[in-house]
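Enquirer: Have a look at this fold, sequence not included:
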């Protein structure tokens, strides 16, 4: 810990070597910083980069009494302006130091990070502010009953993506702790992000299999089964995109949509591509069209909920018609004719 108001006194081993007019390696070889009575570093135990307080070092070298500094282990007299390294900040949150690499990407912590002697530090007060506001602090074993996700659905992927960027092996539990969402929500977000990135890599390197792409991206074996299945689905959807755009244009030419729109692609399950096009013109033959890669086109009775949970198929009826049943990708003119019949 760097005590409040003492940042300007922090010295690295290179600084100490230069102070004595010798090369760093010679300083290390001689072990000057390990001599009896030499002040301990202000870095946390186990830190790779050792930092020292210049006032303490100068006092030791001149034989003067070495002033005492507050310790991070002390329970009293902590100051919000104390600077904590990653180990000390992680201890405040009660998490492992390696997990701090995920938490530190929160905007509050990113804004207040400061490098001292080449080592990242955060003000104690900021770490406590983050701890107090962190929704996930109460969800180590799951969200409280009746509590909702703390991240709006439309922001979930954007908030999860930086966590995955920081740690390709990140677990759903870490996302739960960082964002305050349900475990299932975190799992789904990670699956979607990993699948999209696997598909992106395969687009640029078609010789890769989804599993090989996942390994190349650093995703752990235990987390890639769903992601590789979904990646194959994403790739099929991308190949289908030009055809779906043609259908959207044809429906607009027929006067059944008020604007030229491409059907919106959904993945109701990891292994299924479904697309929906709302027919919002006044005289449209149905509220919406649904394309299912297994069964082709059908009409839907609702614009708001055209696809049932899990993409269950509704029975054929007067309001639900299966169009062009002999092919899943009828030409636009054939689909228009089937809707007009």
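Expert: Structure's in. What do you need? Small disclaimer: the values here were computed from a predicted structure and weren't measured. Residues are numbered from 1 along each chain as shown.
Enquirer: tally of neighbours for residue 317?
Expert: 9 (other CB atoms under 10 Å). In this view, the C-beta of every residue, glycine as well, is placed from N, C-alpha and C.
Enquirer: so it, which of the three states?
Expert: coil (DSSP: H, G, I helix; E, B strand; the rest coil).
Enquirer: And it, what's its pLDDT?
Expert: If you check residue 317, the pLDDT there is 88.
Enquirer: next one: the one 3 residues further on
Expert: Note on residue 320: pLDDT of 91.
Enquirer: what sits against it?
Expert: Residues counted as contacts of residue 320 (CB atoms under 8 Å, 6 or more residues apart in numbering) are 298, 299, 300, 301, 314.
Enquirer: quick check, nearest of those residues to residue 170?
Expert: Of all the contacts of residue 320, residue 300 has the smallest distance to residue 170: 37.4 Å, by CB to CB.
Enquirer: so how many other residues sit close to residue 333?
Expert: By other CB under 10 Å, the residues close to residue 333 number 10.
Enquirer: meant to ask about residue 83
Expert: Residue 83 has 25 neighbours, counted by other CB under 10 Å.
Enquirer: next one: residue 36
Expert: By the criterion of other CB under 10 Å, residue 36 has 4 neighbours.
Enquirer: Give me the distance between it and residue 60.
Expert: Distance of residue 36 to residue 60, computed by CB to CB, to the nearest Å: 10 Å.
Enquirer: Residue 277 touches residue 248, doesn't it?
Expert: Yes. Checked against CB atoms under 8 Å, the pair residue 277 and residue 248 is within contact range at 6.0 Å.
Enquirer: what residues are shared contacts of those two?
Expert: By CB under 8 Å, 6+ apart, the residues touching both residue 277 and residue 248 are 257, 261, 262, 263.
Enquirer: Looking at the residues you listed, which is nearest residue 25?
Expert: Of all the shared contacts of residue 277 and residue 248, residue 25 sits closest to residue 262, with 63.4 Å by CB to CB.
Enquirer: Please name the residues that touch the closest one.
Expert: By CB under 8 Å, 6+ apart, the residues touching residue 262 are 241, 244, 245, 248, 277.
Enquirer: okay, the third one: pLDDT?
Expert: According to the predicted model, the pLDDT of residue 245 comes to 97.
Enquirer: can you count the residues close to it?
Expert: Residue 245 has 14 neighbours, counted by other CB under 10 Å.
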